[in-house]
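*Asks:* test case, fold it:
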Amino acid sequence: QVQLVESGGGLVQAGGSLRLSCAASGRTFSRYAMGWFRQAPGKEREFVAVINWSSSATNYADSLKGRFTINRDRTKNTVYLQMNTLKPEDTAVYYCAADSTPWRTSSNRYEYDVWGQGTQVTVSS
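*Replies:* Numbering: from 1, shown residues only. I've put the predicted structure just below:
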């Protein structure tokens with residue numbers, strides 16, 4: 001089973017950018033669709049973006065389209081989330097997740113099998 005470790009979170013001013021990384025261990029990275037979710041204090045974990053195993057398909061939360069971009073690098077077993085024009089409401093713990101149905105681009109958190117520990121993103125106004 002793949003293991004996931006996120007990095008790249010931090011404190012940024014509104015309007016700034018961050019790139020999150022999620023490094024996957026093991027040789028089976030290409031067998032998973034990879035997603036990002038986030039959870040703000042007192043709120044449910046919500047879908048951010050997902051990319052399928054071949055990078056041929058992506059899916060984004062409607063409210064984030066145009067500001068966030070997901071991509072993956074098979075040679076590095078890593079998936080990235082580029083976040084631009086950040087807003088205070090983007091403040092949350094961001095989680096990387098792996099879906100063992102590799103062609104799927106699901107926004108349903110219950111369809112993901114493996115989760116990382118999360119990385120904190122704080123956007124100041």
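
*Asks:* what bridges to residue 93?
*Replies:* Using DSSP bridges, the beta-bridge partners of residue 93 come out as residue 39, residue 120.

*Asks:* give me the pLDDT value at it.
*Replies:* If you check residue 93, the pLDDT there is 98.

*Asks:* cool, and residue 107?
*Replies:* We have a pLDDT of 98 for residue 107.

*Asks:* for it, which non-adjacent residue is spatially closest?
*Replies:* residue 47 (4.0 Å; Cβ to Cβ, 6 or more residues apart in numbering). Heads up, the C-betas are built off the backbone N, CA and C, glycines and all.

*Asks:* confirm the one you found sits in a strand?
*Replies:* Yes. Under DSSP: H, G, I helix; E, B strand; the rest coil, residue 47 sits within a strand.

*Asks:* thought residue 39 was touching it, still the case?
*Replies:* No. Using Cβ atoms under 8 Å, residue 47 makes no contact with residue 39, being 10.9 Å away.

*Asks:* more neighbours: which of the two?
*Replies:* A direct count of neighbours by other Cβ atoms under 10 Å for residue 47 and residue 39 places residue 47 higher, at 19 against 15.

*Asks:* and the strands in this protein?
*Replies:* 4-7, 10-13, 18-24, 33-39, 46-51, 58-60, 68-73, 78-83, 92-99, 114-115, 119-124 (DSSP state E).
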